[in-house]
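S.K.: got a structure for you, letters missing:
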């Protein structure tokens with residue numbers, strides 16, 4: 001099991017829900033590559049409303065259903081591992097925003113594997 005405490009780095013990738021990579025959602029590809037790279041974990045969050053560089057507002061409100069809601073993928077790990085993963089994001093994120101933040105991991109505990 002990966003141990004992660006103390007200083008770390010968070011990368012957050014803001015993309016559209018309908019962004020695709022070889023007919024699969026980009027967020028799915030990011031999560032699978034993060035796992036393959038041995039990163040501590042990745043989570044995908046679906047936004048209910050937002051806009052980006054294009055200034056188009058995407059919303060889930062009933063009267064204006066969007067087909068491209070904002071999605072954020074968040075990955076936290078040691079700085080060297082996050083920075084080593086950035087070229088993967090360069091390849092996958094054609095439109096969107098990628099940000100890095102220093103953070104502190106207070107608790108990181110997974111489930112025990114069944115025998």
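M.R.: Yes, it's here. As the structure is a prediction and not an experimental result, all values here were calculated from the model.

S.K.: can you list the weak-confidence ranges in this protein?
M.R.: Counting by pLDDT under 70, the chain contains low-confidence ranges at 1-2, 55-67, 114-115.

S.K.: ok, longest strand in the chain?
M.R.: Using DSSP state E, we find that the single longest strand of the chain is strand 6-16.

S.K.: elements contacting that one?
M.R.: helix 26-36, strand 70-77, helix 79-92, strand 97-105 (3 or more C-beta pairs under 8 Å, 6 or more residues apart in numbering; DSSP states H and E). All C-beta spots, glycine's among them, are computed from the backbone N, C-alpha and C.

S.K.: now do that strand against strand 70-77: the angle between them, please.
M.R.: 160 degrees (axes from the mean of the first three to the mean of the last three C-alpha atoms, to 10 degrees).

S.K.: wait, what's in contact with the residue most central in space within the chain?
M.R.: Central residue of the chain (C-alpha atoms, centre = their mean): residue 73, 1.6 Å from the mean position. Applying C-beta atoms under 8 Å, 6 or more residues apart in numbering, we find residue 73 in contact with 12, 13, 15, 27, 30, 31, 42, 43, 44, 45.

S.K.: and which of the residues you listed is nearest to residue 99?
M.R.: Closest approach between the contacts of residue 73 and residue 99, by C-beta to C-beta: residue 12, at 5.1 Å.

S.K.: isn't residue 98 right up against residue 13?
M.R.: Yes. Applying C-beta atoms under 8 Å, one finds residue 98 in contact with residue 13, separated by 5.2 Å.

S.K.: before we move on, back to that, spatially, and excluding backbone neighbours, which residue is closest to the residue nearest to the centre of the chain.
M.R.: residue 13 (4.4 Å; C-beta to C-beta, 6 or more residues apart in numbering).

S.K.: count the neighbours of that neighbour for me.
M.R.: Neighbourhood size, residue 13 [other C-beta atoms under 10 Å]: 21.
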